[in-house]
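Novice: Pasting the sequence and the predicted model now:
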Amino acid sequence: MYRQVSANYHGPTDDIHHPALEGTLSCLWALHHRVPNTPMDLTLHMACQSPISLLVIGTHYCRTTDQACEAHLFCVSLSLVLSRFLKLRSVFATNRTGGIVGLPTHHATLPAADAESVWIDGTPNLVTAKLETWTFVAKVEPECIPGYWYGKKGGPPMPTTPVPSGLRVFYFLHGGGYIQLSAHPHAMTSNITRALVELDGSAPHALSLEYRLSSTAPLPDQNPFPAALLDALAGYNHLVNVVGYSPSNVILVGDSAGGNLALALTRYLVENKNTPKVSLPAPPGHLILLSPLVDLTTSHDWPGSSTISNTADYLGFHDSGRSLYAKHAFLGPFGLGFAFHNPYISPASLFPSEYQAHFGGFPRTFIATGTAERFYDAIRTLGKKMAAEMGEGTGDGQVTYLEGKDAVHDFLAFKWHPCRPATLMAIRQWLAAA
């Protein structure tokens, strides 16, 4: 089950052609060799993609190594340079949450050259069982939310209707800890969506959902669990009952927190598919989980675990700072203890509970993780749990698991990452095996 892909860095990435950044990348390459404890994943991530982690990660390395203090000062200076070159309003992160620079939320859409927005009606008629109770407790309701259609290069972003029989579609749920990022093409995670639609001719389009993001003090308390699940359900219903895709042809994809949401949506559809109270669409035929967030508890926090030891990852420790804020915002009135016994939230938890996650009836699943990411051990646990109940392989109801050697969290979002091509090829082969 534990297939691994790897690659080596050879120098500054060829994917970056911005003339103002070429010298910066060379400086970062020198920094990587000058300060050994600053991994190349980190330096390239800071230069190319991330307006959220320059200061936070630099401070982390300043605390953990002597030499990295010099790297931290370099990164702070670099952030000022990048803010001019890339015309970002801000490239610094704090422990407070907030929208990533220039990205829309569920309140409105922004035009995009390579995507087309769509508004999706809420589905109060599809809410039942536990979800109905959680909705009442959290005081959230189904709402009209937007999404963005992506298509193959040179083709229309939005599919034509009626959808041809047998045509597949990607349904993408973005990451960001439930508190940040977006479905919009300006978001870093849209690199995944764009790559997916180029993989297979049978799935030339993807719908990326702009689900509601959570927040809490010092910001207003908004959109706790299960708001995002309500939105994901509405988006899935839109694909099946409005656009006309067969559930068996829907490829549900989620990265990071989006992977958590994809698992929760699948679980809801599987657990309630035969309920007489509501007429739910059938579960999707395919599930892809990319560095999924699968344990919001502390069950994987043992000495030497990836949660504690994988400090090269750009994610911080999950029980402090921004990550802890995200938990409080997402769990809202339920409290942090809710994650300890809820398989919709922590399906990989190792804590004993009568509410252990089970995966009977789940669709064929592809899981990808990086061996250098904080979530690595939890994702391995998820893979083992699913394989134990579903079996390993590429067939219906089976699990395929892949590791990117020395790869950080959500590495498919970074075009330059050396494990990305092999992982995309593995996903293409997995899709073809269906």
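Specialist: Perfect, thanks for sending it.

Novice: Quick one: residues contacting Leu431.
Specialist: Leu431 is in contact with Arg168, Leu199, Asp200, Ser202, Ala203, Ile251, His286, counting by CB atoms under 8 Å, 6 or more residues apart in numbering. (Each C-beta comes from the backbone N, C-alpha and C, glycine too.)

Novice: mind redoing it with 7 Å?
Specialist: Shown in contact with Leu431 (CB atoms under 7 Å, 6 or more residues apart in numbering): Leu199, Asp200.

Novice: And for Val270?
Specialist: Contacts of Val270 by CB under 7 Å, 6+ apart are Pro283, Gly361, Phe362.

Novice: how close does the first one sit to Ile145?
Specialist: So that's Pro283. 21 Å (CB to CB, to the nearest Å).

Novice: Please report which of the contacts of Val270 has the highest neighbour count.
Specialist: Pro283 (23 neighbours; other CB atoms under 10 Å).

Novice: show me the contacts for that residue.
Specialist: For Pro283, the contacting residues are Pro247, Thr266, Leu269, Val270, Lys273, Pro363, by CB under 7 Å, 6+ apart.

Novice: Return the residues in contact with the residue lying closest to Phe170 once chain neighbours are set aside.
Specialist: Of all residues not flanking Phe170 in the chain, Ala206 sits nearest, at 3.6 Å (CB to CB, 6 or more residues apart in numbering). The neighbours of Ala206, taking CB under 7 Å, 6+ apart as the test, are Tyr150, Val169, Phe170, Phe172, Thr193, Leu196, Val197.

Novice: So which of those sit within helices?
Specialist: Among the contacts of Ala206, DSSP state H puts Thr193, Leu196, Val197 in helices.

Novice: Nearest to Pro157 among those residues?
Specialist: Taking CB to CB as the measure, Pro157 sits nearest to Val197 out of the ones in helices among the contacts of Ala206, at 9.3 Å.

Novice: Pull the number of nearby residues for that closest one.
Specialist: 21.

Novice: Equivalent analysis for the one 3 residues further on, please.
Specialist: If you count neighbours by other CB under 10 Å, Asp200 ends up with 18.

Novice: where does the chain have low pLDDT?
Specialist: 1-3, 6-102 (pLDDT under 70).

Novice: How is it partitioned into domains?
Specialist: The chain breaks down by automatic domain parsing into domains covering 15-85, 115-432.

Novice: looking at those, which is buried most?
Specialist: With neighbours taken as mean count of other CB atoms under 10 Å, the domains of the chain reach their highest mean count in domain 115-432, at a mean of 20.

Novice: The protein: strands as residue ranges?
Specialist: 2-5, 115-120, 145-151, 169-173, 205-209, 250-255, 286-290, 364-370, 399-404 (DSSP state E).

Novice: Nearest to Leu315, out of the ones you listed?
Specialist: strand 364-370 (10.6 Å).

Novice: now that closest one: how far from the chain's centre is it?
Specialist: 12 Å (CA atoms, centre = their mean, to the nearest Å).

Novice: Please shift the residue numbers so they start at 22 in all later answers.
Specialist: Shifting the count to begin at 22 puts that one at strand 385-391.

Novice: Could you spell out the sheet neighbours of it, each with its direction?
Specialist: Within its sheet, and counting by DSSP bridges, strand 385-391 is paired with strand 307-311 (parallel), strand 420-425 (parallel).

Novice: I'd like the domains of the chain as a markdown table, with distance to Val26 appended.
Specialist: Shown next, in a markdown table, are the domains of the chain (distance: least, CB to CB, whole Å):
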| stretch | distance to Val26 |
| --- | --- |
| domain 36-106 | 15 |
| domain 136-453 | 4 |
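
Novice: Pro125: which of those is closest?
Specialist: domain 136-453 (5.4 Å).

Novice: Kindly check the end-to-end length of that closest one for me.
Specialist: Domain 136-453 has an end-to-end distance of 25 Å (CA to CA, to the nearest Å).

Novice: Over to stretch 434-450?
Specialist: Termini of stretch 434-450 sit 19 Å apart (CA to CA).

Novice: try stretch 262-279
Specialist: One end of stretch 262-279 to the other measures 22 Å (CA to CA).

Novice: and if you look at stretch 143-163?
Specialist: Using CA to CA, the distance between the terminal residues of stretch 143-163 is 5 Å.

Novice: hmm, who's touching it?
Specialist: So stretch 143-163 is contacted by 164-165, 244-248, 250-251, 254-255, 258, 289, 293, 296, 298-299, 301, 353-355 (CB under 7 Å, 6+ apart).

Novice: Using CSV, write down the CA coordinates of stretch 381-401.
Specialist: Written as CSV, here are the backbone C-alpha positions of stretch 381-401 (Å, rounded to 0.1, in the frame of the first residue of the first chain):
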residue,chain,number,x,y,z
GLY,A,381,-17.8,0.6,4.5
GLY,A,382,-19.6,1.8,1.4
PHE,A,383,-16.9,4.4,0.6
PRO,A,384,-15.9,4.9,-3.0
ARG,A,385,-12.5,4.0,-4.5
THR,A,386,-10.0,6.3,-2.9
PHE,A,387,-6.6,7.7,-3.7
ILE,A,388,-4.6,9.2,-0.8
ALA,A,389,-1.4,11.2,-1.2
THR,A,390,0.8,12.6,1.6
GLY,A,391,4.4,13.9,2.0
THR,A,392,6.8,12.2,4.4
ALA,A,393,8.0,15.6,5.7
GLU,A,394,4.6,17.0,6.6
ARG,A,395,3.1,17.4,10.0
PHE,A,396,0.0,15.3,9.1
TYR,A,397,2.1,12.4,7.9
ASP,A,398,1.4,9.9,10.7
ALA,A,399,-2.3,10.8,10.9
ILE,A,400,-2.7,10.3,7.2
ARG,A,401,-0.9,6.9,7.4
